[in-house]
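Participant: Fold the stuff below for me.
(one chain, ligands or ions: 1)
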Amino acid sequence: MDFDVIIIGSGPVGLSFARALSDSDLAICVLEQNNELSLSKPKYDGREVALTHLSKKIMSELEIWDRIDPDSISYIKEAKVLNGMSPYSLHFNHEETSENALGHLIPNHEIKTAVYESITDVKNITLLTETKVESFSINDGGVSIELNNGEILTSNLLIAADGRLSNARRAMGIPSEVKDFGKTVIVCKMDHEEAHNNTAYECFHYGRTLAVLPMVGQCSSIVITISSDKAKEIIDMPDKQFNLDIQTRFRDKLGEMKLTGDKYSYPLFASHADYFHSERFALIGDAAVGMHPVTAHGFNLGLRGAYNLSKIIKLSLTSNQNYYSVETLSEYNRKHQLVTRPLYYGTNLIVDLYNSDRVTAKMLRRLALRFGNNFWPVKKLIMNQLTETN
Ligand SMILES: Cc1cc2nc3c(=O)[nH]c(=O)nc-3n(C[C@H](O)[C@H](O)[C@H](O)COP(=O)(O)OP(=O)(O)OC[C@H]3O[C@@H](n4cnc5c(N)ncnc54)[C@H](O)[C@@H]3O)c2cc1C
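Facilitator: Below is the predicted model of the structure:
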């Protein structure tokens, strides 16, 4: 079978990219190793994804946003960053912006369902599930892909959206920085006695972090990052003990807390490819940049890059240029690297600073919070980065 564009990976970024190209004349194929049910009815995975205003705008334009159940969208009105057990916090309020919220918190499976629905019945998108890429080759004549069932597909352009450990990236010889934090993220949902008032908290305790993110109702998403050798202890902790532990670490701010459902865990590492393109090939989503979740930028960045790449490709089609040439794709690389690099290194710096027990780091942490609160240009810069309002 022959296509114009083949995308490896039907994660939320791969499918959003396919959707963004669906108004072109290109024949698009998405390859996914998992089965169709995992896409049409994805299971709850404990991830509550914070989406920026820019992501909402892109998803609205791609007719994805309106497919999300409005009752599942929680509005983050305020955010507080706490250092250790100090009562002092760096505080952001949506009233300091022109928006009615700093961002939106949505269960990952709701986002995935909406993105999947947006590409079904689109006539120039073919989705092949339970299909794994075995190998591929790229030369002047085009892209040739061998599937696990022995079938060969061809295309003009190959897009890798196969996640942060991207095999396609590796096969293309694109170097990538991979930072293993040696930590695990544990996520779960908890009900609580007091209202959260739509405030998100990020508490940097020593050696571990605790984020409490406001969900719809009297309920929050709990995100713990902890050294991997201690993760099992938390996962296996009996509910009663876990409830009390989180309640105490959160200084009883929400009164009594109660775990509802399972705990989910994810290994914590970040990655950034040195470049995102070559002839007839581009990286998008986590395959390009895998972010530490503390600044909640992974999907937001992936979506932004995929959307911008689709725009560049569509522009090349109307100006009679090759949409798969190095020149066209390097435009995407240049623009996206300008966005991703500061965020990637900035996030990793914050993570290192707030996880270090060195005296200088502790001092810097305190200073950083005060500086952030009292120096308006810095606060505005952080707020714009977090919310992507402009
Ligand atoms: C705990 C946690 C919290 C997070 N919170 C946020 C947040 O608040 N905000 C935010 O913006 N982001 C957040 N993220 C990040 C976000 O979830 C990811 O950035 C996003 O899922 C990446 O999507 P993707 O499509 O690039 O990759 P993935 O979702 O990893 O999808 C890759 C797909 O490729 C398929 N695949 C791989 N190899 C092959 C192959 N050889 N053949 C066929 N198919 C293949 C896989 O099966 C998979 O379906 C969070 C992540 C975690 C772990």
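
Participant: Which of the three states applies to Arg251?
Facilitator: Look at Arg251: counting by DSSP: H, G, I helix; E, B strand; the rest coil, its state is coil.

Participant: Show me what from this structure comes close to the ligand.
Facilitator: Taking Cβ under 6 Å from any ligand atom as the measure of proximity, the chain contacts the ligand at 8-14, 31-34, 47, 49-50, 132-133, 161-163, 167, 185, 187, 266, 285-286, 293, 296-300, 302. For the C-beta atoms, the positions are set from N, CA and C on the backbone; glycine is no exception.

Participant: Return the members of those residues classed as buried.
Facilitator: Neighbour-count burial within these applies to 8-14, 31-33, 47, 49-50, 133, 161-163, 167, 185, 187, 266, 285-286, 293, 296-300, 302; the criterion is 16 or more other Cβ atoms under 10 Å.

Participant: can you tell me which of the residues of the chain next to the ligand are in helices?
Facilitator: Pro12, Val13, Gly14, Asn167, Gly298, Phe299, Asn300, Gly302 (DSSP state H).

Participant: Who are the contact partners of the residue of the stretch 51-200 of the chain found nearest the ligand?
Facilitator: For the stretch 51-200 of the chain, the residue closest to the ligand is Gly163, as judged by Cβ to the nearest ligand atom, at 3.1 Å. If you count contacts by Cβ atoms under 8 Å, 6 or more residues apart in numbering, Gly163 has them with Gly9, Gly11, Gly285, Asp286, Ala287, Gly290.

Participant: Contacts for stretch 323-333, please.
Facilitator: Stretch 323-333 has contacts (Cβ under 8 Å, 6+ apart) with 26, 156-157, 275-282, 305, 308-309, 312-313, 316-317, 321-322.

Participant: just stretch 254-268 next, same as before
Facilitator: 44-47, 180-194, 196, 212, 219-220, 225, 228, 231, 234-235, 239, 242-243, 246-247, 250, 292-293.

Participant: What strand or helix carries Ser135?
Facilitator: Counting by DSSP states H and E, the element that carries Ser135 is strand 133-139.

Participant: Only C-alpha atoms, please: export that strand in CSV.
Facilitator: Coordinates of the C-alpha atoms in strand 133-139 are reproduced here as CSV (Å, rounded to 0.1, in the frame of the first residue of the first chain):
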residue,chain,number,x,y,z
VAL,A,133,6.8,-1.5,12.5
GLU,A,134,9.6,-4.1,12.2
SER,A,135,12.0,-1.9,10.1
PHE,A,136,12.1,0.9,7.6
SER,A,137,14.4,2.4,5.1
ILE,A,138,14.5,5.9,3.6
ASN,A,139,16.2,6.9,0.3
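
Participant: Tell me the helices and strands packed up against it.
Facilitator: strand 142-147, helix 167-171 (3 or more Cβ pairs under 8 Å, 6 or more residues apart in numbering; DSSP states H and E).
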